[in-house]
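> please work out how this folds:
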Amino acid sequence: MKRAVITVIGHDTVGILANIATACAEHKVNVLEVTQSVLQDMFVMMMMVDVTACDIPFAEFAEEMAGLGKKMNLSVQAMNEEIFNAMHTI
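Predicted coordinates:
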């Protein structure tokens, strides 16, 4: 299984989770786990996803996620789990 982490940060609005999950489903990316929080009006979400069956190259998927974020006035990043873990290891 190849996994990735998607992070979403920005002002809370209706439909953030739905839009991100829909974009994942369109590319056969399976959402494994979601954690989200709203602090005052700031929305923060992390998703663990399985990209094994993704129908486009991962770099392209990450670009599409970032583009979706821009459309929604959010910061959306998709990162390979191995890179994410390496960045957060001392």
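> let me see the mean pLDDT of stretch 41-55.
Per-residue pLDDT over stretch 41-55 has a mean of 97.
> list the buried residues in that stretch.
43, 45, 47-51, 54 (16 or more other C-beta atoms under 10 Å). For the C-beta atoms, the positions are set from N, CA and C on the backbone; glycine is no exception.
> out of those, list just those in helices.
Among the buried residues of stretch 41-55, DSSP state H puts none in helices.
> what's the closest of these to V14?
Using C-beta to C-beta, F43 comes nearest to V14 of the buried residues of stretch 41-55, at 10.6 Å.
> the nearest residue in space to that closest one that is not next to it in sequence: neighbouring residues, count only.
Closest residue to F43 apart from its sequence neighbours, by C-beta to C-beta, 6 or more residues apart in numbering: D12 at 4.0 Å. Close neighbours of D12, defined as other C-beta atoms under 10 Å, add up to 15.
> same check on the one 3 residues further on?
Neighbourhood size, G15 [other C-beta under 10 Å]: 9.
> do E64 as well
With other C-beta under 10 Å as criterion, E64 counts 16.
> in what helix or strand does it lie?
helix 58-71 (DSSP states H and E).
> tell me which residues are up against that helix.
Counting contacts by C-beta atoms under 8 Å, 6 or more residues apart in numbering, the residues outside helix 58-71 that touch it are 2, 4, 6, 8, 10, 19-20, 23, 27, 29, 51, 54, 56, 75-80.
> please redo it, this time with the cut-off set to 10 Å
Contacts to helix 58-71, defined as C-beta atoms under 10 Å, 6 or more residues apart in numbering, come from residues 2, 4, 6-10, 16, 19-20, 22-24, 26-27, 29, 49, 51, 54-57, 74-80.
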